Structures are given as structure tokens and as C-alpha cells.
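Engineer: I would like to see how this sequence folds:
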Amino acid sequence: SLYLAAGRFAPAEAQMDALVALRPHELPVRLGLANLYVEAGNPVAARNVLETAVKVFPEDDHAELALADFMAASRSPAEGTQILRGYLAQKPDDDDLRFGLAVLEQRAGSPAEAIATYQEIVRRDGAGGKALAARERIAAIDASQGQYQAALRTVKEVLAVSPTDEDALVLSADIALRQHDPATAIQDLRAVLRDEPDSLPLERLLTRAYEAKGDMALAETTLRSAMSAHATDVPTRLDLATLLAQTRRPDQSASLLQATARQAPDDPRPLIALARLDAGRGDTGDALEAYDAASKLAPSAAQLTVEAATFEEKAGHVGEAVGRYQALYESASASAAAHQLAANNLAMLLVTYRKDRASLQRARELTAGFASSPVTSLLDTYGWVRYRCADYATALPVLQHAAAEAPQSKIIRFHLGMTELSL
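Structural biologist: As a prediction, this is how the structure comes out:
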């Protein structure tokens with residue numbers, strides 16, 4: 001609703017409550033109310049709505065699947081799968097629930113369990129639509145694990161039943177690309193595009209195949225055709241800009257990225273690509289301008305901060321690099337991982353370029369929690385900061401532990417050696 005678009009959750013909630021009262025037997029209305037609570041940051045209310053929906057619509061799988069998916073996303077994938085297993089125990093012949101369970105198992109990082117569940121659907125459904133979809137999922141999992149021959153055998157089983165199955169042909173093409181066989185990929189993708197001539201994902205994948213084959217002219221023609229039909233699609237425009245840069249037309253690439261940034265003013269991706277392009281050709285001023293503009297749109301994007309700060313450091317702008325990491329560290333919207341990354345990199349900048357007491361103390365404070373980290377790079381930072389602060393006795397055991405955990409790391413061995421020489 002307009003209320004929701006404006007971030008006014010209270011009137012939006014009142015509106016949805018009224019709809020539920022008017023149409024109590026329509027599940028989509030209740031799911032919409034649950035989604036509103038999720039967007040408003042009220043997971044308890046969202047869960048209550050979904051649990052009520054399950055009670056009101058006991059025979060509708062969509063309610064049970066929605067609750068399980070919500071629990072998997074808001075709590076843990078294990079809780080979501082546990083809920084679905086409970087429903088499946090009550091409805092052992094329900095393959096829609098079984099398929100949903102396999103999806104959650106896959107999302108939970110349990111591919112073996114997911115494959116077993118998909119195989120049970122295949123056993124039960126034979127050559128039916130659910131069995132075909134399950135086979136495609138099995139093939140996709142095998143392909144993701146590098147088991148290409150197993151994946152292709154399953155794809156052939158699908159195509160034997162449904163020769164024009166789009167998902168199977170696309171997966172076959174993707175495997176061919178991974179196996180450096182662009183000719184086969186092109187053949188499969190052209191077959192699919194005969195039935196889906198305006199499919200943007202297929203056209204972009206076909207472009208990748210042409211590029212892998214070295215046919216940059218056909219790759220460009222395909223991308224321009226896709227962009228003509230989907231003029232506002234940012235990824236397609238970014239793909240074309242990348243191709244232009246690869247074929248030594250950086251000015252055309254920059255012009256396209258600038259036009260895309262104007263067309264999608266709230267999307268940081270064109271600006272990030274433009275910053276990388278400018279940085280790659282040594283255009284410091286334009287690169288930093290693009291990084292700054294992108295940072296305003298995505299202030300808590302850790303990778304963007306790292307790129308911009310690294311570029312600043314290489315350009316000799318250490319103070320600006322410090323400022324970027326400081327801003328990320330202080331950002332309330334940044335994730336815990338982003339805060340940790342900012343603390344690590346900020347501390348290393350401080351002890352590398354500054355020797356004053358305040359900077360060294362700030363570096364110690366930023367890394368105070370790294371001493372017991374399971375991440376060797378953080379252990380190394382903790383030890384090196386203590387070394388730079390002349391606290392060699394504290395640095396030594398932590399660096400020894402880091403070196404034992406990562407014996408191949410030359411930088412950690414260097415830091416350890418410097419510390420040992422100072423004692």
C-alpha cells in the first residue's frame with residue numbers, strides 16, 4: 001500500500017487488519033499481514049499471524065510452508081525444517097510439503113539430506129511434474145559440488161521426458177560453460193531461446209557462452225539486443241559496459257555506466273562499476289568521486305569501503321582511507337562482520353602509518369576482542385598491533401598461535417619473527 005511504501009506501518013497495519021476482518025477466508029490477505037509485520041521489524045507478530053493462518057487453513061500447504069520459511073529465515077533453517085517434518089508426519093503423502101522440506105534442507109547447507117528428500121519425490125511421482133522438478137534440483141546440487149557427470153545424467157533423464165524443459169537445458173548449458181565447452185552451451189541456449197526469445201537471463205547466459213568461445217562480436221550483439229528489449233535492466237547494462245571495457249573501449253563503457261547511474265539513481269552498482277573502471281585506468285579523481293557517490297547509496301557496504309579505502313591508500317590519501325573505515329565502523333546499519341572488518345583494517349592503517357600514542361591506543365582498543373578469534377588474520381592483527389605498541393610479550397603467544405594455524409602465511413611468519421627478535 002501507499003502507507004507501506006512511505007514507511008508508515010501503523011496505518012498500513014490497520015488497513016491490513018481491516019482486510020483480514022472483511023476476508024477472513026483468504027489466505028493471501030493473512031500472508032500479506034505477516035509480511036507487513038516482518039517489514040516493520042515485528043517478528044513476534046508475524047509469527048502469530050502465520051501460526052493462526054495454519055490453524056484457520058489446516059489443509060492449505062501454503063500456510064504451513066510460509067510459517068516454516070519464516071522460521072528458517074528469522075530463527076534458523078533447522079527450526080524451519082523441523083516444523084515441516086512435523087507437518088509432513090501428519091500428511092505423509094503431501095509432496096508439496098516434501099518439496100518445501102528439501103528446499104529448506106538445501107538452504108540449511110545439508111545437500112545430502114536435500115537430495116534424499118528430492119529422490120523420495122522422484123520415487124513417489126515417477127514421471128510427473130514434481131518428479132521432474134525434483135530431478136532438476138538434484139542435478140543442480142550435483143553441479144554445484146562439481147559432480148558434473150552425475151548432474152548431466154539427471155538432466156538427460158529430465159530431457160527424455162520433457163525435451164524442451166527450459167531449466168534442464170539451461171543447467172546443461174551452465175555445466176558446459178563450467179567445463180569450458182562453450183559450443184555445447186551455445187547450442188543448448190539457442191534451443192531454449194527459440195521458445196523463450198525474450199528471456200533476459202538466457203540472453204545474458206548466452207553472452208557468457210559467446211565470450212567464453214571468444215566471439216565478442218556476437219556477445220555484444222546479444223547484449224545490445226537484450227538491452228534494447230529491457231532498457232532499464234541494470235545487470236544487462238553492466239554486462240555490456242564490462243564487455244566494452246574488455247574490448248578496449250573504456251570511454252564507451254564509462255558513458256554507458258554514467259547513463260545507467262542517471263537512469264537508476266538509487267542503485268549503487270553502476271557507480272561501483274564506474275569507480276572500478278576509473279581506478280583501473282588510473283583516473284584517481286573520477287574514481288574517488290564515483291566511490292563517494294556509491295558510498296552515499298550503500299553506506300554499510302563493507303566491500304565498497306575496502307575498495308575505496310585501498311584505492312585511497314595507494315594514492316597516498318591515508319587520512320581519507322582511515323576516515324572511510326571509521327565511518328563503516330561507526331555505521332549503525334553495518335553487520336557484525338562489517339564492523340569487525342572495519343576494526344581490523346582501521347587498526348592496521350593506524351599502526352602502519354602513524355606512531356603517535358593516541359593512534360596506537362586506538363588500534364589496541366579496536367582489536368581488543370581479537371585475541372581469542374578463530375580467524376588467523378585477526379589473530380595476526382592483534383599480535384602485530386601489540387608489536388607496534390612495543391608490547392612484545394603480549395604479541396608473541398598470539399602470533400605463535402596464528403603461525404601454527406596458518407603455517408603457509410608469509411606475513412604472519414614475518415610478524416612472528418620480528419616479535420621474537422624484539423624480545
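Engineer: contacts, neighbours, all on C-alpha from now
Structural biologist: OK.
Engineer: Tell me how far stretch 184-194 lies from the chain's centre.
Structural biologist: A distance of 27 Å separates the C-alpha centroid of stretch 184-194 from that of its chain, computed with C-alpha atoms, centre = their mean, to the nearest Å.
Engineer: For burial, what's the neighbour tally of residue 189?
Structural biologist: 24 (other C-alpha atoms under 10 Å).
Engineer: Check which helices and strands the host helix or strand of it sits against.
Structural biologist: Using DSSP states H and E, residue 189 falls within helix 182-195. Identification of packing neighbours for helix 182-195 by 3 or more C-alpha pairs under 8 Å, 6 or more residues apart in numbering; DSSP states H and E yields helix 166-178, helix 200-213.
Engineer: Please name whichever of the ones you listed is nearest to residue 375.
Structural biologist: When the helices and strands packed on helix 182-195 are compared for distance to residue 375 using C-alpha to C-alpha, the nearest one is helix 166-178, at 31.0 Å.
Engineer: Around residue 319, how many other residues sit close by?
Structural biologist: Neighbouring residues of residue 319 were enumerated by other C-alpha under 10 Å; the total is 14.
Engineer: ignore the last one, residue 145
Structural biologist: Residue 145 is flanked by 11 other residues according to other C-alpha under 10 Å.
Engineer: on that earlier part again, how about JSON lines for the helices and strands packed on helix 182-195, with mean pLDDT added?
Structural biologist: Output for those, formatted as JSON lines (pLDDT from 0 to 100):
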{"stretch": "helix 166-178", "mean pLDDT": "91"}
{"stretch": "helix 200-213", "mean pLDDT": "93"}
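Engineer: Which one of these lies nearest to residue 370?
Structural biologist: Counting by C-alpha to C-alpha, residue 370 lies closest to helix 166-178 out of the helices and strands packed on helix 182-195; the figure is 38.6 Å.
Engineer: and the closest one with helix 200-213, angle?
Structural biologist: Counting by axes from the mean of the first three to the mean of the last three C-alpha atoms, to 10 degrees, helix 166-178 lies at 20 degrees to helix 200-213.
Engineer: for the protein, longest helix please?
Structural biologist: Among all segments of the chain classified by DSSP state H, the helix with the greatest residue count is helix 336-353.
Engineer: For that one, enumerate the helices and strands it packs against.
Structural biologist: Helices and strands touching helix 336-353, by 3+ C-alpha pairs under 8 Å, 6+ apart, are helix 302-314, helix 318-330, helix 357-366, helix 376-388.
Engineer: picking up where we left off before, relative to residue 109, which of the helices and strands packed on helix 182-195 is closest?
Structural biologist: helix 166-178 (20.4 Å).
Engineer: From the chain's centroid, how far away is the closest one?
Structural biologist: What separates the centre of helix 166-178 from the centre of its chain is 21 Å, taken as C-alpha atoms, centre = their mean.
Engineer: Repeat that for stretch 250-268.
Structural biologist: Between the centre of stretch 250-268 and the centre of its host chain there is 22 Å, according to C-alpha atoms, centre = their mean.
Engineer: Touching that stretch from outside, list them.
Structural biologist: Counting contacts by C-alpha atoms under 8 Å, 6 or more residues apart in numbering, the residues outside stretch 250-268 that touch it are 232, 234, 237-238, 240-242, 244-245, 270-271, 273-274, 277, 293-295, 297-298.
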